[in-house]
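1. Next input, structure requested:
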Amino acid sequence: MLRLIWNYFLVVPTIFGTFLVISSTSKAIELPEQKIIAENADIPAQEIAQNLPESSNSSSKNPETDNSTTQLTGQVTSVSQLSDVRPTDWAFQALQSLVERYGVIAGYPDGTFKGNRALTRYEFAAGLNAALDRLNELIASNTGELVRKEDLATLQKLQEQFATELAQLRGRLDTLEARTAEVEANQFSTTTKLVGDAIFVAADTFGDRANNTPANDTKDSTNTFFSYRVRLNLQTSFTGRDQLTTILTAGSAVPNLTSTTGTAMTRFTFDTDGREGTYLSQLVYRFPVGKNATVWVGTRALQPAVFTPTINASVGGLNGALSRFATFNPTIYRPGFDGAGAAFAYKFNNQLQLNLGYIVNDSQANRPEDGNGFFNGNSLALGQLTYSPSRQLDVGFAYGRKYFGTGTGFNLTGGTGSAFARNPFEQNATTSDNFGLQFNWRTSSRFHVGGWLGYTLAHQQNGSDNDATIINGALNFAFPDLGKQGNVGGLIIGVPPKVTSNDYRPRPGAARREDPDTSLHLEAFYTWRVSDNIRVTPSFFVITKPEHNGANDPIWVGAVRTTFSF
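-> Numbers count the residues shown, from 1 in each chain. You can find the predicted model right below:
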């Protein structure tokens, strides 16, 4: 019996942060848990990215967080159930005896045992405790003849040798049971987890308004302001692998600076479009299909950044850049409306992933009259192929087909860039083919380089047959753990969406709706991690030649954002 027990404990898998189930009574022993922290992208109020079963956003892949094999399953009844244990293995007889005679062996969900992992004294004590419990059961159930006298003597010696560890283990179990009982008595829900964040922002702009405003209103009219936004995210799972995301947003309406600066190039990524009070900002359900596929269905704010890797995690996100333009490629990932629809992702392997989605303006999707409905409203069909040749490099090739009906609030560039880029043909129905190339290169743990290039071909659908070309691009540099672990600094330089050519004229003889010059977006930010739950981000960005017009003076935007996560 000594040899059987010793051989068993030599091959018990060592897994931290999981439940080690090794008795036929399914008693779970909790080992120290490894803490994993993931930062979600702070896409405008309603957009929080969800992942594939292993990793939807390859730009944040980390082998240390892949816990797909760390959860043990129940006790096996035959050693043949363990696919990686063969009759030729040196410990096969020991495992077979412990499985079939005593029933104190558990495997992993994939049917393996992983017998080559190391063993700690605490885990040995845990296994010994389970074996003792099993023997007590056998004796109590009048099956004591299965337990030989020499086996009991051996176990008694082991119990004496590991008395200290067994006492500590029982103390930890008592504490765990008390804490578990307290959590169960006070838990919010058996299926729902509540997380959230609150943002305080103080900001101001400097410089005259862009000259597309009335002549008597060209001076800087923005005063220093202080606003906030709070989100409560209810994450509900019914199977353990799916998730229903319900986000409630409340705030004092972080202002859209377009009206005060004369250009959308100054907008923040977290502004609330003038909405105040509390409202439902997202309702999306995600579930897996098989091992490598995931499906999203949403009736509110199913945004591309929810179901597609944006390849810009280094400077985007809740702790990244403050400007709307710097978050990610706007012509690809910003449809210009809140979305309702469906999406699909398939991960071929760790290097290649395909994402597809179709969304329509959610305010039109639930209306049956002409020009609305799921297939007739403003819409976006998106596809992206993400290629990760190594753990350091991610590249995304994306295509999006947008449609805006006549007089339905055009926004081809997702609230960024010039007025001509957002609405090249005024209020005439428009389609656009949007192409995007995104990349992120983690050259080292302290320095990342990323960016994108966007190219759009827009076509007027009703009236005259007109075409327009729109471009945008950016290059960003991120400095993780700058000054302190958890901090991050970033620099972004880019060209907001610009109309480089356009056949459309508002009236005969009028100038075409083309941007005459080129604006530059220059931004710097630094996120200081005060604690695990509090971060402070001062940021400053400048727009040269706002609205791509050299007649406009630069506009400067300064802000300090404080983020509380809970």
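2. For residue 193, give its distance to residue 566.
-> When distance is defined by Cβ to Cβ, to the nearest Å, residue 193 is 12 Å away from residue 566. C-beta: built from backbone N, CA, C; applies to glycine.
3. In terms of neighbours, single out the busier of those two.
-> A direct count of neighbours by other Cβ atoms under 10 Å for residue 193 and residue 566 places residue 193 higher, at 13 against 10.
4. That one contacts residue 243, correct?
-> No - using Cβ atoms under 8 Å, residue 193 is not in contact with residue 243; the gap is 9.2 Å.
5. All the strands of the stretch 201-350 of the chain, residue numbers only.
-> 225-236, 243-251, 277-289, 293-300, 339-347 (DSSP state E, counting those that start in this stretch).
6. So which of the ones you listed is the most surrounded?
-> Comparing those by mean neighbour count (mean count of other Cβ atoms under 10 Å), strand 339-347 comes out on top with a mean of 22.
7. Now do that one and strand 277-289, the angle between them.
-> 30 degrees (axes from the mean of the first three to the mean of the last three Cα atoms, to 10 degrees).
8. which helices and strands does the longest helix anywhere in the chain pack with?
-> If you go by DSSP state H, the chain has its longest helix at helix 163-186. When contacts are defined as 3 or more Cβ pairs under 8 Å, 6 or more residues apart in numbering; DSSP states H and E, helix 163-186 packs onto strand 28-30, helix 121-140.
9. shared neighbours, residue 193 and residue 243?
-> Jointly contacting residue 193 and residue 243 under the rule Cβ atoms under 8 Å, 6 or more residues apart in numbering are 235-237.
10. Out of those, which is nearest to residue 447?
-> Comparing those against residue 447 with Cβ to Cβ places residue 235 closest, at 33.1 Å.
11. Apart from its chain neighbours, what residue comes closest to the closest one?
-> The shortest distance from residue 235 to any non-neighbouring residue, by Cβ to Cβ, 6 or more residues apart in numbering, is to residue 193 (4.6 Å).
12. Let's see the pLDDT reported for residue 185.
-> On the pLDDT scale, residue 185 is placed at 67.
13. sorry, that was for residue 380
-> 96.
14. That one reaches residue 399, doesn't it?
-> No - applying Cβ under 8 Å as the test, residue 380 and residue 399 come out as separate, 10.8 Å apart.
15. With neighbour numbers in mind, choose between these two.
-> Counted by other Cβ under 10 Å, residue 380 and residue 399 do not tie: residue 380 has more neighbours, with 26 against 14.
16. Pick out the shakiest of the helices and strands packed on helix 163-186, pLDDT-wise.
-> Mean pLDDT, when computed for each of those, is lowest for strand 28-30, at a mean of 31.
17. Give me the next element, helix or strand, following that strand.
-> Later in the chain than strand 28-30, the nearest helix or strand by DSSP states H and E is helix 92-97.
18. elements contacting that following helix?
-> Under the contact definition 3+ Cβ pairs under 8 Å, 6+ apart, helix 92-97 sits against helix 2-11.
19. what's the average pLDDT for the helix it packs on?
-> 40.
20. repeat for stretch 403-411
-> 81.
21. Stretch 222-230 too?
-> Stretch 222-230 shows a mean pLDDT of 91.
22. Identify the residues contacting that stretch?
-> Taking Cβ under 8 Å, 6+ apart as the rule, stretch 222-230 contacts 45, 196-205, 249-255, 257, 260-261, 270, 272.
23. now the residue nearest to residue 245 when sequence neighbours are not counted: how far from residue 487?
-> Nearest residue to residue 245, sequence neighbours excluded (Cβ to Cβ, 6+ apart): residue 284, at 4.9 Å. Distance, residue 284 to residue 487, using Cβ to Cβ: 31 Å.
24. Redo the strands of the stretch 201-350 of the chain as a markdown table? Include distance to residue 373.
-> Formatted as a markdown table, these follow (distance: least, Cβ to Cβ, whole Å):
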| stretch | distance to residue 373 |
| --- | --- |
| strand 225-236 | 29 |
| strand 243-251 | 25 |
| strand 277-289 | 19 |
| strand 293-300 | 14 |
| strand 339-347 | 11 |
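25. how far away is the residue nearest to residue 245 from residue 473?
-> Counting by Cβ to Cβ - residue 284 and residue 473 are separated by 30 Å.
26. Residue 402 now?
-> With distances taken as Cβ to Cβ, residue 402 is found 19 Å from residue 473.
27. Of those two, give the one with the bigger neighbour count.
-> Higher neighbour count among residue 402 and residue 473: residue 402, with 25 against 18, using other Cβ under 10 Å.
28. how far away is residue 438 from residue 205?
-> From residue 438 over to residue 205 the distance is 29 Å, taken as Cβ to Cβ.
29. who's more crowded, those two?
-> residue 438 (26 against 21).
30. Tell me the pLDDT of the more buried one.
-> At residue 438, the model reports a pLDDT of 97.
31. Tell me the buried residues in the helix or strand hosting it?
-> Per DSSP H and E: residue 438 is located in strand 430-444. Residues 430, 432, 434, 436-442 are the ones in strand 430-444 that count as buried (16 or more other Cβ atoms under 10 Å).
32. now those in TSV, with distance to residue 333?
-> Converted to TSV, the buried residues of strand 430-444 look like this (distance: Cβ to Cβ, whole Å):
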residue	distance to residue 333
430	19
432	14
434	10
436	8
437	13
438	9
439	15
440	14
441	19
442	20
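33. Quickly name whichever of the shared contacts of residue 193 and residue 243 is closest to residue 83.
-> For the shared contacts of residue 193 and residue 243, the closest approach to residue 83 (Cβ to Cβ) belongs to residue 237, at 28.1 Å.
34. What does the pLDDT read for the residue lying closest to the closest one once chain neighbours are set aside?
-> Nearest residue to residue 237, sequence neighbours excluded (Cβ to Cβ, 6+ apart): residue 243, at 5.4 Å. In this model, residue 243 is scored at 95, pLDDT.
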